[in-house]
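Q: got a predicted model here, sequence first, then my questions.
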2 protein chains.
Amino acid sequence: MLLVMTDTQAPSAGPDSGRTLEGSAAGEKTRANLVRVALDLFGRKGYDATSTRDIAGAANVNIAGIAYHFGGKAGLHRACGELVASFMGDRLETLVAGDPVADAALTPDQAAERFEAAVCGFARFVLAQREVEAIARFMVREQMDPSPTFEILYGGLIEPRHRRLCRLWGRATGEDPESEGVIITVSALFGQVMFFRVGRATALRRLGWATIDESNVEKIVAAVGEATRAVLAVHRAGKGEV
Amino acid sequence: MLLVMTDTQAPSAGPDSGRTLEGSAAGEKTRANLVRVALDLFGRKGYDATSTRDIAGAANVNIAGIAYHFGGKAGLHRACGELVASFMGDRLETLVAGDPVADAALTPDQAAERFEAAVCGFARFVLAQREVEAIARFMVREQMDPSPTFEILYGGLIEPRHRRLCRLWGRATGEDPESEGVIITVSALFGQVMFFRVGRATALRRLGWATIDESNVEKIVAAVGEATRAVLAVHRAGKGEV
DNA sequence: GTCTATAAACAGATAGAC
DNA sequence: GTCTATCTGTTTATAGAC
């Protein structure tokens, strides 16, 4: 959550090269403001389409502050990626899967139950939490047009979480957690949830909803939970049968 | 496929206000080139981040040609949306669902079979066809940051196709095709496919694939087809049971 | 229908006062 | 650490020659 202040390598020798690692309290707040606003704008409009003037204006920070604190626009974007990886990693760690070391001790039944809870918890978290809106937009944009920041997201957040879920699936079904089939199936099940984030404009229009509020989230959770149970059942029953 | 030349309302009285509706053969080719290139760049980098200079350069057309033929950058974007709606509408009409009027005459078994074929056909089309790459990027971008062009995509393509699939689902399960539950479930099932488009960067890295070639598409089709059958079976067996 | 040239606004970065 | 002012390059749009 606070690895925003990792020292950035400024592309040119800027005024930030000599500052201390901690910074002052005022500087800390300025940096946090900039990252919060930039995350929203980068996600909404994309990197190139977002001007540093807009960011600075919305964050009530002078334009020159971006270069000072992050070495430039690219450094600010990197800081956004680090915030996302850190924030989402913290939340998903406790929300989605519980204790990692205990996985091997789970019975298949327990693992299946926990996997379903992971899908539903992920859906509730990703769809209901207001603070995730900007983060989701930012992440989808990095998927479609990866910048150097994608590596931060993939290596620091996506890959370990996804691998973890595949282990859980393997524990529940007896299948190889690193096999293509498991990775694809787990990805597809979580893709159900993603649709209501990425295709939100379509979903809202088609369902006649103004927003995806708490009661609407539960309707979606019910559907993806049911699908998860159904697919899980097939894989636990007959392994070869398709 | 050729409603690219719908006359654009130029924001200001430009040189295109007096031209004929058909245009010359050379002009037609220029317009098609511009739309093809713009669709790719808009999808890749977004509207604001794509410069008319880049588009004109890649299309081997003079910069002023965009204002001449489409009234400006916004008109070119609209033309891209019209091409997408027209092209995808044509393909999905034959690929995904067959004859619309015959739906009511289908038995539940036939409808279920056809629905599964629709999901698999959609997956093959969306994931395998090279020409869909740019289109998919363009559409996802409109979902996340809707412009006036979104209305063209939703009303002319997404809504009618989605409604059609829900009717098929309703025919197979006996459920109300316009109910929230059906719309959500159908959306979620197709969301499985979308993940491998939108989250392609993640899927490739996680699976160790360089590209999603034909054999990889079939692996994905197998997984989403299986999930579709499983969920369909649950809804056809006991309607109240969850 | 296509071109050159240019206008007017805006981009990111930075120097230097405080 | 924050500010103003400015430099340099790029953006879309357009006027007018051909």
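A: That came through fine.

Q: how much space separates the residue nearest the centre of chain A from A:N216?
A: Closest residue to the average C-alpha location of chain A: A:M88 at 5.4 Å, with C-alpha atoms, centre = their mean. In this view, A:M88 and A:N216 are 22 Å apart by C-beta to C-beta, to the nearest Å. All C-beta spots, glycine's among them, are computed from the backbone N, C-alpha and C.

Q: that older thread, surely the residue nearest to the centre of chain A and A:I158 touch.
A: No - using C-beta atoms under 8 Å, A:M88 is not in contact with A:I158, being 9.1 Å away.

Q: list the buried residues of stretch A:224-239.
A: For stretch A:224-239, a neighbour-count test (16 or more other C-beta atoms under 10 Å in any protein chain shown) marks A:224-232, A:234-236 as buried.

Q: got the contact list for it?
A: Residues from elsewhere that reach stretch A:224-239 (C-beta atoms under 8 Å, 6 or more residues apart in numbering or on different chains): A:108, A:112, A:115-116, A:119-120, A:123, A:172-175, A:185, A:189, A:192-193, A:241, B:185, B:188-189, B:226-227, B:230-231, B:233-234, B:242.

Q: export that stretch as CSV, just CAs?
A: This file holds the C-alpha atoms of stretch A:224-239, laid out as CSV (Å, rounded to 0.1, in the frame of the first residue of the first chain):
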residue,chain,number,x,y,z
VAL,A,224,-21.0,-17.4,-11.5
GLY,A,225,-21.1,-19.5,-8.3
GLU,A,226,-23.5,-21.9,-9.9
ALA,A,227,-21.4,-22.2,-13.0
THR,A,228,-18.3,-22.8,-10.9
ARG,A,229,-20.1,-25.6,-9.0
ALA,A,230,-21.3,-27.1,-12.2
VAL,A,231,-17.9,-27.2,-13.9
LEU,A,232,-16.2,-28.3,-10.8
ALA,A,233,-18.7,-31.2,-10.5
VAL,A,234,-17.9,-32.4,-14.0
HIS,A,235,-14.1,-32.3,-13.4
ARG,A,236,-14.5,-34.1,-10.1
ALA,A,237,-16.8,-36.8,-11.4
GLY,A,238,-15.3,-38.3,-14.5
LYS,A,239,-11.9,-37.0,-15.4
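
Q: who are the contact partners of A:I63?
A: A:52-53, A:56.

Q: in JSON lines, list these along with neighbour count, distance to DNA strand D and pLDDT.
A: Below are these laid out as JSON lines (neighbours: other C-beta atoms under 10 Å in any protein chain shown; distance: C-beta to the nearest atom of the strand, whole Å; pLDDT from 0 to 100):
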{"residue": "A:T52", "neighbour count": "18", "distance to DNA strand D": "11", "pLDDT": "96"}
{"residue": "A:R53", "neighbour count": "10", "distance to DNA strand D": "9", "pLDDT": "95"}
{"residue": "A:A56", "neighbour count": "19", "distance to DNA strand D": "8", "pLDDT": "95"}
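
Q: so of these, which ones are in strands?
A: Judged by DSSP state E, the contacts of A:I63 include no members of strands.

Q: can you tell me which residues contact the residue nearest to the centre of chain A?
A: Contacts of A:M88 by C-beta under 8 Å, 6+ apart are A:135, A:157.

Q: same thing but at 6 Å, please
A: A:L157 (C-beta atoms under 6 Å, 6 or more residues apart in numbering or on different chains).

Q: name the helix or strand for it, please.
A: helix A:73-92 (DSSP states H and E).

Q: and that helix, is it in reach of DNA strand C?
A: Yes - for helix A:73-92, a contact with DNA strand C is found by C-beta under 7 Å from any atom of the strand, at A:73-74.

Q: chain center to that helix: distance?
A: Average the C-alpha atoms of helix A:73-92, do the same for its chain, and the two points are 9 Å apart (C-alpha atoms, centre = their mean, to the nearest Å).

Q: wait, does that helix contact DNA strand D?
A: No - interface with DNA strand D: helix A:73-92 contributes nothing (C-beta under 7 Å from any atom of the strand), its closest point being 13.2 Å away.

Q: after that helix, which helix or strand is next?
A: Counting by DSSP H and E, the next helix or strand C-terminal to helix A:73-92 is helix A:108-128.

Q: helices or strands up against that next one?
A: helix A:159-173, helix A:180-198, helix A:214-237 (3 or more C-beta pairs under 6 Å, 6 or more residues apart in numbering or on different chains; DSSP states H and E).

Q: and those helices: which comes nearest DNA strand C?
A: helix A:180-198 (25.1 Å; C-beta to the nearest atom of the strand).

Q: can you list the residues of chain A near chain B?
A: Contacts of chain A with chain B, taken as C-beta under 6 Å from any C-beta of the partner chain, map to A:46, A:48-49, A:143, A:146, A:158, A:162, A:183-185, A:187-188, A:191-192, A:194-195, A:198-199, A:201-202, A:206-207, A:219-220, A:223-224, A:227, A:230-231, A:234.

Q: for PyMOL, write the selection for the buried entries among the residues you listed.
A: Those of the residues of chain A next to chain B that count as buried under 16+ other C-beta under 10 Å are selected in PyMOL with:
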select buried, chain A and resi 46+49+143+146+158+162+183+184+185+187+188+191+192+194+195+198+199+201+202+206+207+220+223+224+227+230+231+234
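
Q: the nearest residue to A:P160 once chain neighbours are set aside and DNA strand C: what is the separation?
A: Computed as C-beta to C-beta, 6 or more residues apart in numbering or on different chains, the closest residue to A:P160 that is not its neighbour in sequence is A:G89, at 8.0 Å. Computed as C-beta to the nearest atom of the strand, to the nearest Å, the A:G89 to DNA strand C distance reads 28 Å.

Q: show me chain A divided up by domain.
A: Following automatic domain parsing, chain A resolves into domains at A:3-75, A:98-237.

Q: which among these is found nearest to B:G71?
A: Across these, B:G71 has its closest neighbour in domain A:3-75 (21.2 Å, C-beta to C-beta).

Q: nearest residue to A:Q192 other than its sequence neighbours?
A: Spatially, and ignoring its direct neighbours in sequence, A:Q192 is nearest to B:A188 (4.0 Å; C-beta to C-beta, 6+ apart).
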